[in-house]
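Chemist: Task: produce atomic coordinates for the following.
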Amino acid sequence: MNIDPIQYAYISIVADGILSIIMIFQWLVARKEKHALFWGIAQLAFMTSTLIWYFSAMSQDMRVAFCALLNVIFLAGHWGGTRFFFGGLRPGEGKRALWIFATLAIILQIWWHYVPSVLPRASTFILGMLLIWIGFKLARGRDHQRYRVLGLALILRGLFNLSCPLLLIPEHYQETFLMATSAKFLTILGMIYAVQHEIAQRYIHTIDSLSNGFLILDKGGYVDVANQRSVRLLGYDSTLDLIEKSITTLMPDLTLQRANDFFFNGKDGASHVPTLEITLPLRNGNTLPLEIQCSPYIERGRLFCLVQLIDITERKKKDAQLYQAAHVDPVTGFANRHALVQQLALVIAHANQSGHGCALLFIDLDKFKRINDTFGHLAGDELLRKVAQQMQKFLRCNDMLARFGGDEFIVLLPDLARDECIDQASDCALRILTALRQPLDVLQHVLGMSASIGVACHPMHGTDAETLLRNADIAMYAGKKTGGNTVSLFDETMNAASEDALAIDGALRQAITGNELELHYQAITDCRSGELKKAEALLRWNSAVLGPISPDRFIPVSEDSGMIIELGNWVLNQVCHQASQWKSSILSEIIIGINVSSRQLIAPGFVSQLRTTLARFDLPPRLLELELTERVLIDDNPKVHAVLEQLLVLGVSISLDDFGTGYSSLSYLPRFPIQTLKIDRSFVMNIEQSERSRKLTHTIILMGHSLGLELIAEGVETAEQADILRQMGCHYLQGYLIARPSTADELLRFAGTLRR
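Modeler: So this is what the prediction gives:
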């Protein structure tokens, strides 16, 4: 039987050409698939070699030279493609391979030049060996069964190629030709599949390695593709469990209509990616917060949607933590100022729409600073928690309790009938006030509390959050000025007083630097001899902005703002300076009294500053007398005890001003180092007409004698009052009968008149 190799060459050229085109096209689509390029070049070289050998008009020597070179390129291409298919070349391997193949090309050139008839058989043999090597690598190097099958197919094809030159020419050409052609096309398809599968696997591995879940939905809302992350997120076992499942099955909260509107209404390639947050119930009973992003696209004329599933559990936790930090007071666990302001705005807006009212209770704990200073901040924080829990018991479920700052709390009462708003708010405030009086066990200390509560109602006392808060604060402050432990309802007179206080506070800060302050002195004389023994320094202020301001207006404001310390220091320096100037005059032994507030008394370094000032002006401490109000003592602050003891050691005398008013308590007189009592003018002014006032005044004088105290009667304006006080045994007189407050020079002249 005659063999026609030309017919086989045609089929081989066509097959190799198809394979080359397909492989190079695969590389053009995905440039990283270098193995496809190398395999394509190899098949192209083999096709060209066959074409030149059978159909070229070249000379025998030229055909051998070109075919030898192309066969080496064919071998190098298959070797390089296989190496890249399995991960690429090792360092230095490319250079070594280049030298080996160059050497092989030279050897083949020489060998086939002298024995050209061996070229077809040698090429077939070399190809068979190479196919066996590639097949062995595929069958051994990959775990997937489909690569093993391809590897075995290549091994069989390689063995078939080896059999041809070994058997020389088969006797049954048709069967041989059919087997060779089938084997070649089978391996061609396998190689194409390998490239495609590598691309697909890379895509699958890529989306599986992402931290987010990915689904591809078809137009009906059924899952077409899913990655491993989505399987884990949704609580399934494998991707096969998700394929062809409806999105409404996976996410029960989504209806089919809502799913279609969300997933497929966007535009392909739109810059804005629609997002949706849902809480997904899982099959194990847990829930999972998800953010869903969708990107619809068209593929081969069909609509699909790429869905990204993002686990936002950690984000939700952080959001909750941020909300906690922004809206919750860390000490009490109740709302903070920010949360209250937000809620108040909403409540007022609702009240304006519904016609209801609402109320604010501004609660300030009385003497909280004393507890903090005495027992420490841990006890203070625990007390705040206990107080907040106690107040919460008397509130409705929709009422809001917030810590406004420090020892201040706000209670917001929404949805009150407007005609009952004031009564309901006042009743709630009284219940809270009563509850706070109950002793609280705080870190093994039993503490009693009281509070000042200001009440403001919407819309009577304000129609916006800022006004309502300010007016509730003003009402609270008004109650605190009366001594605390009370409920005060806002009225407009309080607002006027608050505005006046703000104006005074602003102007007072410029008083010292603007030289607007002045000291006047009121004489205090011996009740029996009439000699000038003492004088009280009185602060006067003539504001450049507000004009003359009386002390009963600016002193309370300075105490609230803390300016009282600066004013007190200024008075101390001025008095000591003036006393030093009087050393060579008839006032050299006069005792000057100055008023000292509780803030100034317990301010850090007060005693040392006093000692330094006396030393600077070389003034004996016995010539200075500090006048305290009863309120300083009634607070019973341990710091007050300590400071008064230091003053006693220093030699400065202490007098108790306005005795008999407000907070009088006989119990604290023996506990403090007081040398002088000043009887308030309210008793003195009525001793002529009122038997009751006369008896009370006489009782105070007798008590003072029994305690060894000196007594000064304030507000003496008539000779009859002076006579009565003298008969009762009072030591000193102060008032308009003696002298009005005057400048230092006028006091010096007054002292001169008494000597004549």
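Chemist: Give the burial count for the residue lying closest to residue 23 once chain neighbours are set aside, as a bare number.
Modeler: Distance criterion Cβ to Cβ, 6 or more residues apart in numbering; nearest residue to residue 23, sequence neighbours excluded, is residue 40 at 3.2 Å. For every residue, glycine as well, the C-beta is placed using N, CA and C. As a burial measure, residue 40 scores 24 neighbours (other Cβ atoms under 10 Å).
Chemist: Now do residue 40 against residue 52, distance only.
Modeler: Distance of residue 40 to residue 52, given as Cβ to Cβ, to the nearest Å: 19 Å.
Chemist: Contacts only, for residue 657.
Modeler: By Cβ atoms under 8 Å, 6 or more residues apart in numbering, residue 657 lies in contact with 595, 627, 628, 629, 630, 678.
Chemist: What separation is there between it and residue 536?
Modeler: Counting by Cβ to Cβ, the gap from residue 657 to residue 536 is 9 Å.
Chemist: which neighbours do the two share?
Modeler: Overlap of the contact sets of residue 657 and residue 536 (by Cβ under 8 Å, 6+ apart) consists of 595, 627.
Chemist: give me phi/psi at the residue nearest the centre of the chain?
Modeler: Taking Cα atoms, centre = their mean, the centroid of the chain lies closest to residue 322, which sits 4.9 Å from it. When read as degrees, to the nearest 10, the backbone of residue 322 gives phi -60, psi -40.
Chemist: One more: residue 277?
Modeler: Per degrees, to the nearest 10, the backbone of residue 277 is at phi -110, psi 130.
Chemist: so it bridges to which residues?
Modeler: residue 291 (DSSP bridges).
Chemist: Now for it, how many residues are close by?
Modeler: Residue 277: 12 surrounding residues under other Cβ under 10 Å.
Chemist: next one: residue 695
Modeler: Neighbourhood size, residue 695 [other Cβ under 10 Å]: 12.
Chemist: Quickly note the distance from it to residue 687.
Modeler: The gap separating residue 695 from residue 687 is 9 Å, by Cβ to Cβ.
Chemist: same check, this time on residue 562
Modeler: Counting by Cβ to Cβ, the gap from residue 562 to residue 687 is 39 Å.
Chemist: Check residue 354 too.
Modeler: To residue 687, residue 354 is 61 Å away according to Cβ to Cβ.
Chemist: Pick out whichever of these two has more residues nearby.
Modeler: Between residue 354 and residue 687, counted using other Cβ under 10 Å, the more crowded position is residue 687 (24 against 10).
Chemist: so who does that one touch?
Modeler: Applying Cβ under 8 Å, 6+ apart, the residues near residue 687 are 693, 694, 697, 721, 724, 725.
Chemist: Where does it sit: helix, strand or coil?
Modeler: Secondary structure, DSSP: H, G, I helix; E, B strand; the rest coil: residue 687 is coil.
Chemist: separation between the closest residue to it other than its chain neighbours and residue 748?
Modeler: Distances taken as Cβ to Cβ, 6+ apart place residue 694 nearest to residue 687, at 4.6 Å, with adjacent residues excluded. Noted for residue 694: a distance of 36 Å to residue 748, by Cβ to Cβ.
Chemist: average pLDDT across stretch 393-409?
Modeler: The pLDDT scores in stretch 393-409 average 90.
Chemist: how long is it end to end?
Modeler: Using Cα to Cα, to the nearest Å, the end-to-end distance of stretch 393-409 comes out at 15 Å.
Chemist: Quick check: buried residues in it?
Modeler: By neighbour count with 16 or more other Cβ atoms under 10 Å, stretch 393-409 contains the buried residues 394, 395, 399, 400, 401, 402, 403, 404, 407, 408, 409.
Chemist: ok, so of the residues you listed, who is nearest residue 367?
Modeler: Distance to residue 367 across these (Cβ to Cβ) is lowest for residue 407, with 9.3 Å.
Chemist: my guess is that closest one meets residue 365, correct?
Modeler: Yes - Residue 407 is within contact range of residue 365, at 4.1 Å (criterion: Cβ atoms under 8 Å).
Chemist: Are there helices or strands packed against the host helix or strand of the residue nearest to residue 687, and which ones?
Modeler: Element membership for residue 694, per DSSP states H and E: helix 691-706. On a contact count with 3 or more Cβ pairs under 8 Å, 6 or more residues apart in numbering; DSSP states H and E, helix 691-706 meets strand 676-679, helix 681-684, strand 710-713, helix 719-728.
Chemist: how about it: buried residues?
Modeler: By neighbour count on 16+ other Cβ under 10 Å, the buried set for helix 691-706 is 693, 694, 696, 697, 698, 700, 701, 704.
Chemist: now residue 655, what's its secondary structure?
Modeler: Assignment for residue 655 (three-state DSSP): strand.
Chemist: And the contacts of stretch 705-721?
Modeler: 524, 527, 534, 655, 658, 669-670, 674-682, 684-685, 687-688, 697, 700-701, 704, 722, 725, 729-738.
Chemist: the strands in the stretch 451-600 of the chain, which residues?
Modeler: For the stretch 451-600 of the chain, the strands defined by DSSP state E, counting those that start in this stretch cover 451-458, 486-489, 517-526, 532-543, 547-549, 591-595.
Chemist: can you list contacts of the shortest one?
Modeler: So the one you mean is strand 547-549. The contact list for strand 547-549, computed with Cβ under 8 Å, 6+ apart, reads 504, 507, 540, 541, 542, 543.
Chemist: Over to stretch 239-247?
Modeler: 215, 217, 220-228, 230-231, 234, 236, 250, 254, 256, 259, 263, 307.
Chemist: mind redoing it with 10 Å?
Modeler: 204, 208, 213, 215, 217-218, 220-228, 230-231, 234-236, 249-250, 254, 256, 259-260, 262-263, 292, 305, 307 (Cβ atoms under 10 Å, 6 or more residues apart in numbering).
Chemist: hang on, the earlier thing: the buried residues of stretch 393-409: which two are farthest apart?
Modeler: 399 and 407 (20.1 Å).
Chemist: I'd like the domain boundaries of this structure, if you could list them.
Modeler: Taking automatic domain parsing as the domain assignment, the ranges for the chain are 5-206, 211-316, 328-490, 505-755.
Chemist: Nearest to residue 498 among the ones you listed would be which one?
Modeler: Set against residue 498 and scored by Cβ to Cβ, those come closest in domain 328-490, at 4.6 Å.
Chemist: mind checking how far that closest one is from the chain centre?
Modeler: Here domain 328-490 is found 25 Å from its chain centre; the criterion is Cα atoms, centre = their mean, to the nearest Å.
Chemist: what's the straight distance from one end of it to the other?
Modeler: Start-to-end span of domain 328-490 (Cα to Cα) is 28 Å.
Chemist: Could you point out the member of the contacts of strand 547-549 that lies closest to residue 648?
Modeler: For those, the nearest to residue 648 is residue 540 (30.5 Å; Cβ to Cβ).
Chemist: ok, so what distance separates the nearest residue to that closest one once chain neighbours are set aside from residue 28?
Modeler: Distances taken as Cβ to Cβ, 6+ apart place residue 518 nearest to residue 540, at 4.8 Å, with adjacent residues excluded. Distance check for residue 518 against residue 28: by Cβ to Cβ, it reads 98 Å.
Chemist: now residue 720
Modeler: From residue 720 to residue 28 the distance is 123 Å (Cβ to Cβ).
Chemist: try residue 311
Modeler: Between residue 311 and residue 28 the distance is 38 Å, computed by Cβ to Cβ.
Chemist: Next: residue 13.
Modeler: 22 Å.
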